[in-house]
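A.B. asks: Fold the following for me, if possible:
(chains A and B)
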Protein chains: 2
Amino acid sequence: MILALAGGVGGARLANGLVAVLPDDQLTIVVNTGDDSEHLGLSISPDLDTVCYTLAGINNLDQGWGIANESWSLMGAIERLGGDTWFRLGDQDVATHLMRTMMLRDAPLSAVTSFIAGRLGINHRIVPMSDDPVRSMIETDQGVLAFQDYFVRHPAEPRFLSIRLEGVECAKPSPALLDGLENPDLQAVIICPSNPVLSITPILAVGGVRERLMASSAPVVAVSPFIDGRAVKGPAAKIMIELGRATTTEGVIEYYDGLLDGILVHSEESRGLTAEGVAVWSCNTLMASDADQQRLARESLAFASSLR
Amino acid sequence: MILALAGGVGGARLANGLVAVLPDDQLTIVVNTGDDSEHLGLSISPDLDTVCYTLAGINNLDQGWGIANESWSLMGAIERLGGDTWFRLGDQDVATHLMRTMMLRDAPLSAVTSFIAGRLGINHRIVPMSDDPVRSMIETDQGVLAFQDYFVRHPAEPRFLSIRLEGVECAKPSPALLDGLENPDLQAVIICPSNPVLSITPILAVGGVRERLMASSAPVVAVSPFIDGRAVKGPAAKIMIELGRATTTEGVIEYYDGLLDGILVHSEESRGLTAEGVAVWSCNTLMASDADQQRLARESLAFASSLR
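C.D. replies: Here you go, the predicted model:
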């Protein structure tokens, strides 16, 4: 039994590799919901959608979010009606948000996500970190911004000071996450190469998650999102630097603050054991193709297995 | 000051003629909301939309509802997700429903409708019959059906027994309708050629509307929706016949039960005064073109004026 913690694009890619190499009853993909928001009255879960769309093979590769071959008629009509258009919603994508918004009236996000994933042909478990709302608020040099305000409206341009997770003090882990954490057969926890600050921190902050991972006998292995100090996509490096952190192997280990047993880094960097006692494994962490995703999934699992 | 009572397509066409011949401060178009429903979590007001889209010149002439040059990506995605698809929602149309649903959290339907109409470039007042929810339930030989179940899912095929207006006992006329009814300058009330049973009955049933119209010194003039005993569009004739009513001048006069001062009927029928004391005016009531709509609007106004 493997737990994978994931945010958006990078996380979805490794998750896609993991589902290709693990049977559906041996993997639970736990997804950040700190980015969730409401827009035009719709309940939107960007990271859950990115993971689901990627695993369903309908993700929009050009955009990095949303559905492939998308159309934008609805957005044009919203503009005509004077509605907000800075958060762009494709016609097909809105169908997901409508279904989720409607179903959330009667069911928790876990059940709604499981339904949507099932309809998209996904057999593996994709679960939110929590069924309770957690909202990432970003403190910046331009004031506190709701996550999508920071991330989309002002594309991560304001200087990042800190992340405040509204609601996290009341949020319980989703049932499937809790099952995974308490499962005696838990073999490894893979932290996908998602943004450590924006995507992984919220998952770890949900009641008891970090503590249970620290206490678990299963190794916790992160795949570093940095290659040569830069993120493949998104503002992870910018944010780490604004926090005074290094976008290096050591920087990631230190950011996770005692949580990691091992870290996978890009092949240019060296293998071995760091001063902090964290095992380092290097390989090509760039995932351009499905084959890359599966190779990195296998490397992550083999590395974690070597640490048990 | 003219009040026009309207339902869907036929009502929207005459309303479109009236806006072309009357200044915007001299006309209030009162629209049936008994057809309103919730679908996929969206608040849908089909008759308000048909009137707004028609007056904005963006109505879909082929369908008879919705927006011209519509696309259907969202509906395809809803189908993939296992949602209901019997009630078809176009991509642009959903934008209207999203805006309305969101705005209704904080504002009455009158204000939301006024905003949407304004954004579509409409200067004349389009108002719901009531800001309170009224839901037409159709009693049929196959049981009681919610309006859209009856009208769309089972396209008016079950035998019509009666209409039950849920919520009507608590519904007050919308502020603009009440203003119109109490306006000392009210010159005429035009009942558009909409379905008398499905579209006009709910408006008349809202608290005090029928009584105020009966007591008003302004003439109440209906344009018959029937030509040679048949409706131009929709199930109006079928329903009248199932109710044991005639789809004739007399049948419409009797259906409105003492409300009418005059009725405009298609040119084949005769002019004069009926046994019931209702004035009859005949002209071509078919509205194929904008010119037809404006001609019928002028005829209706002239006829009403002659009855003052």
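A.B. asks: Please count neighbours and contacts with C-alpha atoms only from this point.
C.D. replies: Fine.
A.B. asks: Quick one: the helices in the stretch 101-250 of chain A, in order.
C.D. replies: A:109-119, A:147-148, A:175-182, A:201-205, A:209-215, A:236-242, A:249-256 (DSSP state H, counting those that start in this stretch).
A.B. asks: just so I know, which of the ones you listed lies nearest residue B:61?
C.D. replies: Residue B:61 lies closest, by C-alpha to C-alpha, to one member of those: helix A:109-119, at 34.6 Å.
A.B. asks: then the closest one to CSV, C-alphas only?
C.D. replies: Taking Å, rounded to 0.1, in the frame of the first residue of the first chain, the C-alpha atoms of helix A:109-119 are listed here in CSV:
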residue,chain,number,x,y,z
LEU,A,109,-15.9,15.9,-1.4
SER,A,110,-14.3,12.4,-1.1
ALA,A,111,-17.5,10.8,-2.5
VAL,A,112,-18.0,13.4,-5.1
THR,A,113,-14.3,13.1,-6.3
SER,A,114,-14.6,9.3,-6.4
PHE,A,115,-17.8,9.6,-8.5
ILE,A,116,-16.2,12.0,-11.0
ALA,A,117,-13.0,10.0,-11.2
GLY,A,118,-15.0,6.8,-11.8
ARG,A,119,-17.0,8.5,-14.6
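A.B. asks: I would like the residues contacting that helix, please.
C.D. replies: Residues outside helix A:109-119 that contact it (C-alpha atoms under 8 Å, 6 or more residues apart in numbering or on different chains): A:48, A:52, A:96, A:100, A:103-104, A:123, A:125-128, A:130-131, A:174, B:80-82.
A.B. asks: just stretch A:19-33 next, same as before
C.D. replies: Residues outside stretch A:19-33 that contact it (C-alpha under 8 Å, 6+ apart): A:1-7, A:15, A:18, A:45-48, A:51, A:55, A:123-130, A:133-135, A:176-177, A:180, A:199-200, A:202-203, A:294, A:297-298.
A.B. asks: Among the residues you listed, which are located in strands?
C.D. replies: Counted as lying in strands by DSSP state E, out of the contacts of stretch A:19-33, are A:2, A:3, A:4, A:5, A:6, A:125, A:126, A:127, A:128, A:135.
A.B. asks: can you tell me which residues contact residue A:290?
C.D. replies: Here residue A:290 is in contact with A:16, A:17 (C-alpha under 8 Å, 6+ apart).
A.B. asks: From residue A:18, how far off is it?
C.D. replies: As judged by C-alpha to C-alpha, to the nearest Å, residue A:290 and residue A:18 stand 11 Å apart.
A.B. asks: swap in residue A:183?
C.D. replies: Taking C-alpha to C-alpha, one finds residue A:183 at 19 Å from residue A:18.
A.B. asks: Looking at those two, which has the bigger crowd around it?
C.D. replies: More crowded of residue A:183 and residue A:18, by other C-alpha atoms under 10 Å in any protein chain shown: residue A:18, with 27 against 13.
A.B. asks: How about the more buried one, nearest residue that isn't a chain neighbour?
C.D. replies: Spatially, and ignoring its direct neighbours in sequence, residue A:18 is nearest to residue A:297 (5.2 Å; C-alpha to C-alpha, 6 or more residues apart in numbering or on different chains).
A.B. asks: so how many other residues sit close to that neighbour?
C.D. replies: 26.
A.B. asks: and it, what does it touch?
C.D. replies: A:14, A:15, A:17, A:18, A:21.
A.B. asks: related to what we said a few turns ago, could you give me the PyMOL syntax to select whichever of the ones in strands among the contacts of stretch A:19-33 are buried?
C.D. replies: Of the ones in strands among the contacts of stretch A:19-33, the buried ones go into a single PyMOL selection, burial set by 16 or more other C-alpha atoms under 10 Å in any protein chain shown:
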select buried, chain A and resi 2+3+4+5+6+125+126+127+128+135
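A.B. asks: Point out the residues in chain A that sit beside chain B.
C.D. replies: A:40-41, A:71, A:73-78, A:80-83, A:91-96, A:98-99, A:101-102, A:116, A:119-120 (C-alpha under 8 Å from any C-alpha of the partner chain).
A.B. asks: do you know how far the spatially closest residue to residue A:141 that is not a sequence neighbour is from chain B?
C.D. replies: Nearest residue to residue A:141, sequence neighbours excluded (C-alpha to C-alpha, 6+ apart): residue A:159, at 5.4 Å. Note on residue A:159: its distance to chain B, by C-alpha to the nearest C-alpha, to the nearest Å, is 32 Å.
A.B. asks: pLDDT score assigned to residue A:159?
C.D. replies: Note for residue A:159: predicted pLDDT of 97.
A.B. asks: Was I right to think it contacts residue A:140?
C.D. replies: Yes. In this structure residue A:159 lies within contact range of residue A:140 using C-alpha atoms under 8 Å: 5.3 Å.
A.B. asks: could you give the angle of the longest helix anywhere in chain A to strand A:2-6?
C.D. replies: Longest among the helix segments of chain A by residue count, using DSSP state H, is helix A:290-306. Orientation check (axes from the mean of the first three to the mean of the last three C-alpha atoms, to 10 degrees): helix A:290-306 against strand A:2-6 gives 120 degrees.
A.B. asks: Any buried residues in helix A:290-306, and which?
C.D. replies: Within helix A:290-306, judged by 16+ other C-alpha under 10 Å, the buried ones are A:292, A:293, A:294, A:295, A:296, A:297, A:298, A:299, A:300, A:301, A:303, A:304.
A.B. asks: Need those residues in a markdown table (columns: distance to residue A:148).
C.D. replies: Compiled in a markdown table, those are given as follows (distance: C-alpha to C-alpha, whole Å):
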| residue | distance to residue A:148 |
| --- | --- |
| A:292 | 30 |
| A:293 | 28 |
| A:294 | 31 |
| A:295 | 33 |
| A:296 | 30 |
| A:297 | 30 |
| A:298 | 33 |
| A:299 | 33 |
| A:300 | 31 |
| A:301 | 33 |
| A:303 | 35 |
| A:304 | 34 |
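A.B. asks: Out of those residues, which comes closest to residue A:216?
C.D. replies: The closest of those to residue A:216 turns out to be residue A:304 (C-alpha to C-alpha; 13.4 Å).
A.B. asks: Counting neighbours, which of the contacts of residue A:297 comes out on top?
C.D. replies: The most crowded member of the contacts of residue A:297, judged by other C-alpha under 10 Å, is residue A:15 (32 neighbours).
A.B. asks: so who does that residue touch?
C.D. replies: By C-alpha under 8 Å, 6+ apart, residue A:15 lies in contact with A:4, A:6, A:29, A:51, A:55, A:192, A:297.
A.B. asks: Kindly state the beta-bridge partners for the first one.
C.D. replies: Here residue A:4 shows beta-bridge partners residue A:29, residue A:190, assigned using DSSP bridges.
A.B. asks: Hmm, residue A:189 and it touching each other?
C.D. replies: Yes. If you go by C-alpha under 8 Å, residue A:4 and residue A:189 touch, sitting 5.7 Å apart.
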